[in-house]
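Enquirer: What would the 3D arrangement of this be:
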Amino acid sequence: MNRNRVRKTMTAASAIVECMRMEGVSKAFCVPGESYLPLLDALHDEKAIQVISARHESGAGFMAEGYAKASLKPGVVMATRAVGGGNAAIAVHTAYQDSTPMVVFLGQVSSKFRGREGFQEVNLETYFEPIAKWTVEITDAKRTPELVQRAFRIAKSGRPGPVVVSLPEDILPMEAEMQFGPVTSVPRPAPSLTEINQVELLLSGAKQPLILAGGGIKSAKAEAVLQRCAEKWKIPVITAFRRHDVFPNNHRLYGGQLGLGTSKEILQTVQEADVILAFGTRLSEVTTQDYTIITPEKKLIHVDLDYETIGKVFAPDIGIVADVREALLLLEKIQIKSEWEAWAQERRLAYEKASHLHVSDHDSIYKHVISILKKKIAKDDLITNDAGNFAGWLHAYYRFHDKHTYIGPTSGAMGYGMPAALGAKLALPNKTVISLSGDGGFMMTAQELETAARYHIPVICLVFNNRMYGTIRMHQEIHYPKKVIATDLGDVSFKDLARSMGVTAYQVGTPAGFTEALDKALQKQAPVVIEILTDKEQISVSSTISELQHRKK
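Expert: Numbering: from 1, shown residues only. I've put the predicted structure just below:
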């Protein structure tokens, strides 16, 4: 494309839409606001882009984030000024911690009112700077294509993440001659031959090496080459927090996931490893179990696309700034005599022991739900989850076989699961999408059920209702036993709430009831809520409230 030839006279708002069109954007999520009405008007005339209007900016943001994770393309969300931007901030933070490409367009007060504490004014660039890859305000209509195209480029390049673009309302209707550059491809740097040789030398001396695979595997579309490398080397693979689906969980080399409440058998795999190959992970607090699992005596090989990630948490013995797929394609060619098959088999058996799901009549309904899901849904169906202790059963016992079958917030954001499922379903309409939420988190974005009904987005929403903020109650019982405060919640019928918004809903309290409701939901091409009544006593996968209280005596 000749960048000097692409010149058009149009408004700044129309230029933004043209940039979206050039980037292949087909869905944009929003809560409308008067500060960016010209942009909405321009989108009205662009038939290739569907605008999804949500009930709350956090819901719109989570939809865009889930859409981006599922499509591997930047999600687009729009909101108005400080109030809308503030509501969307939790989704921006989630995209930042989850390395999800997202472009956020926020209306802003008129440029001639700036600095006067105008109506809903806040400095959006400063406000979002700590939780965004880049923030910018468009102050010259003519520069709109330059800045918006740069926003998309930054969002999807390097370590992906959110970019915030502030739009003063008087700039959007201004006309100018716009010059559009080409849509640039994402850089895919490869390691040097020297770095590959260093890895080969270090790995050849390993006795019990381990691969730790993160979200960079998914964004680089490197699942297949990671599997080939692991099979060639016969090295066990564990996955970072909430990145289950980057390696097939039924594979003989899979050793589990590092997350909240990880079993001692899986932690032992890391403890016994002498060389860790960390591919596409930022080595987060949760993944590294409060930054404890990579000890000084272990050798660390860290490959990541972001130079700031290398050495940020642990100083690596070999740190390589590269696209993880390009790195694995080169590493696949190294010749190493593998002597690690017995080690890999041992750690696989440890994982199978930790994740074995035996269900009896006396077990909690949480275990029954996971067991039933494993039997009923297809291996390529997609699951999203909210934050909360209920997710512990999913993480411990469900096995993700195919890539692109899981989406969850590494940021731990409540209210995420259901709206993220809506975004994922819009990105992957042929997949069955099921969200798991607790009653506390679900209530934070429950209004988006109406969005699901209005746009006919057929997702299945499981809501575990124990009438409390369970995770926080668990920590209260551990640190301040029997001093319960602020964690008990009222009795809400999510079945009735969903039905009031035009959504089919069921309330169940037994495994048989859940099986029947799930069978019905899987046959519908419409949004469905299944409210699962649960017991407060079963506070986590490993403990009841009584057991936690007894330990403190």
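
Enquirer: Please list the outside residues in contact with stretch 541-549.
Expert: 261, 366, 389, 392-393, 396, 473-474, 477-478, 481-482, 536-539 (CB atoms under 8 Å, 6 or more residues apart in numbering). Placement of C-beta: from N, CA and C, glycine included.

Enquirer: ok, of those, which come out buried?
Expert: Taking 16 or more other CB atoms under 10 Å as the criterion, what is buried in the contacts of stretch 541-549 is 366, 389, 392-393, 396, 473-474, 477, 538-539.

Enquirer: Show me those that map onto helices.
Expert: 366, 392-393, 396, 473-474, 477 (DSSP state H).

Enquirer: Looking at the residues you listed, spot the one nearest residue 83.
Expert: residue 473 (31.7 Å; CB to CB).

Enquirer: residues touching that closest one, list them.
Expert: 484, 487, 536, 539, 545.

Enquirer: swap in residue 284?
Expert: By CB under 8 Å, 6+ apart, the residues touching residue 284 are 97, 240-241, 410.

Enquirer: returning to that earlier point: out of the contacts of residue 473, list just those in helices.
Expert: residue 545.

Enquirer: Could you dump the contacts of residue 473 into TSV and include pLDDT and distance to residue 460?
Expert: Putting these into TSV (pLDDT from 0 to 100; distance: CB to CB, whole Å) gives the following:
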residue	pLDDT	distance to residue 460
484	88	33
487	88	28
536	86	25
539	83	25
545	83	29
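
Enquirer: from the contacts of residue 473, which is closest to residue 502?
Expert: Of the contacts of residue 473, the one sitting nearest to residue 502 (CB to CB) turns out to be residue 536, at 30.7 Å.

Enquirer: Now that closest one. Its backbone dihedrals?
Expert: phi -60, psi -30 (degrees, to the nearest 10).

Enquirer: Over to residue 505?
Expert: phi -150, psi 150.

Enquirer: residues touching residue 389, list them.
Expert: 438, 470-471, 474, 539-541.

Enquirer: let's go with 7 Å and repeat that
Expert: 470-471, 474, 539-540 (CB atoms under 7 Å, 6 or more residues apart in numbering).

Enquirer: now these as TSV including distance to residue 34?
Expert: Conversion of these to TSV gives the following (distance: CB to CB, whole Å):
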residue	distance to residue 34
470	40
471	39
474	44
539	46
540	46
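
Enquirer: List just the nearest of the residues you listed to residue 48.
Expert: Within the contacts of residue 389, the smallest distance to residue 48 is 42.0 Å, found for residue 471 (CB to CB).

Enquirer: quick check, the closest one in a helix?
Expert: Yes: with DSSP: H, G, I helix; E, B strand; the rest coil as the criterion, residue 471 is assigned to a helix.

Enquirer: What backbone torsions are found at the nearest residue to residue 179 once chain neighbours are set aside?
Expert: Distances taken as CB to CB, 6 or more residues apart in numbering put residue 7 closest to residue 179, at 5.2 Å, once the chain neighbours are dropped. The phi/psi pair for residue 7 (degrees, to the nearest 10) reads phi -130, psi 130.

Enquirer: Then residue 509?
Expert: According to degrees, to the nearest 10, residue 509 has phi -140, psi 0.

Enquirer: which residues does the nearest residue to it once chain neighbours are set aside contact?
Expert: Leaving aside its sequence neighbours, residue 509 sits nearest to residue 533 (CB to CB, 6+ apart; 4.2 Å). Contacts here follow CB under 7 Å, 6+ apart; on that basis residue 533 touches 465, 507, 509.

Enquirer: so which of these is the most crowded?
Expert: residue 465 (24 neighbours; other CB atoms under 10 Å).

Enquirer: returning to what we had before: now, which of the contacts of residue 389 sits nearest residue 39?
Expert: When the contacts of residue 389 are compared for distance to residue 39 (CB to CB), residue 471 wins out at 38.6 Å.
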